[in-house]
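Novice: predicted structure and sequence below. I'll ask about it afterward.
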Amino acid sequence: MRELGYYHLYPHRSNEPAIALAEKLIEIAPVPMARVLFQCSGSEANDTAIKLAWYYWDAVGQPQRTKIIARQMAYHGNTCAAVSLSGKPDMHGGFGLPFARFKHTEFPHYYRRHEPGETEEQFSARMAEALETLIQTEGPDTIAAFFAEPVMGAGGAIVPPRFYFDKVQAVLRKYAILFVADEVICGFARTGEMWGCQTYGIRPDMVTSAKALSAAMQPISAVLISDRIHEAMLAQSDKRGNFAHGFTYAGHPVAAAVALEVQRIYAEIDIVTRAKRLGPMLQSALGRLKTHPLVGDVQGVGLILGMELMRDGEKRIPFDSALEVGARVDAAARRHGLILRVVGDRLVFAPPFVIEASEIEEIGQRLYRALDNVAYDLKSEGALG
Ligand SMILES: Cc1ncc(COP(=O)(O)O)c(C=O)c1O
């Protein structure tokens, strides 16, 4: 801040911390990437990627490709376009959203949505078929891009079933649709690799990133773009002039300097190895709770995990939503000194990377006590067998 309190990144201008951070991101990107554009939030990163997808197709002579596909229950942010991308009806109602160009396909919640006897692979094939049907209904040559989080975070930490992204990418490749990976939650070791794309073999055309980019210490986000996008942008700017997009505080030198230092610390403590060591501990400490009568399913990867509360886990019978079981577990956990993230009757865990093994055990124990308290109450009310 003392060296350079502010300088902007509008066309033909930059600042040293932003340049160094862009170089760092290109160096660690999950697939070869050409350039980085900065913004201040995950929502703005996704808005930028949406505009880039439109700009790209206009540049390569297919301006009719304007529709964007994302998934029901996805969360990509809250600006008008990013929330249109999101598949959460509670965030659309009352706002006249989503915008018409945004379409939503099925989301891969295997535990809740698989048919009896359907394997993960068969379920993934059904998800990919649903995507292809949507593409054909809308017209393949009208689709610009598909957006997905490797693990759906705010939707409930929903881990993709086996082969899901292989099958989805095969469909996208068939119709030359761009893949934008929203790594706002998964980026920087959350799934046990540096990027969720690496965990799931995703080869994106663009990556959006925020949150752990600066360990959330400063508001900064980034879009990484591939050569394919960059080349088209260069050709298009010869025709149209500068890429007419930017934000005053994007790539702010102070935020970029902090993010750079965060990246240096990640390298120093070897964050990926740390996540690989702690991830299995979290999965096993909370995975053990699957035997608890309130818990239907526990699924996670690395340091992210979702736990589904069910009246009958085996038969997949949910609780009556009026019982507000998730909220009750939340309240009980608080009494035991544990703060939870609750999405309906789903508990979501994504502890900070500074967590230690003993604290992971502690989470499991406190949660067990909270679940027991709620099970006792539900039994007394006759709501649990
Ligand atoms: C996957 C994902 N994308 C985008 C966003 C939006 O980021 P921001 O709140 O910084 O706008 C979020 C926020 O939680 C997110 O989880």
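Specialist: Here it is on my side, so go on.
Novice: hey, let's count contacts and neighbours off CA atoms from now on
Specialist: Fine.
Novice: quick one, strands of the stretch 251-385 of the chain?
Specialist: Taking DSSP state E, counting those that start in this stretch as the test, the strands found in the stretch 251-385 of the chain are 295-301, 304-309, 341-343, 346-349.
Novice: can you tell me the strand partners of the third one and which way each runs?
Specialist: Translated: strand 341-343. Sheet pairing here is set by DSSP bridges, and for strand 341-343 it gives strand 346-349 (antiparallel).
Novice: distance from the chain centre to the partner strand, please.
Specialist: 15 Å (Cα atoms, centre = their mean, to the nearest Å).
Novice: I'd like the average pLDDT over that strand.
Specialist: Average pLDDT, strand 346-349: 98.
Novice: which ones are touching the residue in the stretch 251-385 of the chain that the ligand sits nearest to?
Specialist: Residue nearest to the ligand within the stretch 251-385 of the chain: Ala350 (11.4 Å; Cα to the nearest ligand atom). By Cα atoms under 8 Å, 6 or more residues apart in numbering, the contact set of Ala350 is 190, 303-305.
Novice: what's the answer for Ala383, then?
Specialist: If a contact means Cα under 8 Å, 6+ apart, then Ala383 has no contacts.
Novice: distance of it from Val374?
Specialist: In this view, Ala383 and Val374 are 11 Å apart by Cα to Cα, to the nearest Å.
Novice: how about Gln64?
Specialist: Counting by Cα to Cα, the gap from Gln64 to Val374 is 54 Å.
Novice: ranking the strands of the stretch 251-385 of the chain by burial, who's on top?
Specialist: Most buried of the strands of the stretch 251-385 of the chain, by mean neighbour count (mean count of other Cα atoms under 10 Å): strand 304-309, with a mean of 26.
Novice: follow-up on the earlier one: switch the contacts of Ala350 over to a markdown table; also include pLDDT.
Specialist: A markdown table is the format used below for these (pLDDT from 0 to 100):
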| residue | pLDDT |
| --- | --- |
| Arg190 | 98 |
| Leu303 | 98 |
| Ile304 | 98 |
| Leu305 | 98 |
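Novice: of these, which is the nearest to Val159?
Specialist: Taking Cα to Cα as the measure, Leu305 is the one of those closest to Val159, at 8.0 Å.
Novice: who touches the nearest residue to the closest one once chain neighbours are set aside in this structure?
Specialist: The shortest distance from Leu305 to any non-neighbouring residue, by Cα to Cα, 6 or more residues apart in numbering, is to Phe349 (5.1 Å). Contacts of Phe349 were listed using Cα under 8 Å, 6+ apart, and they are 157, 303-306, 340-341.
Novice: same thing but 7 Å
Specialist: 304-306, 341 (Cα atoms under 7 Å, 6 or more residues apart in numbering).
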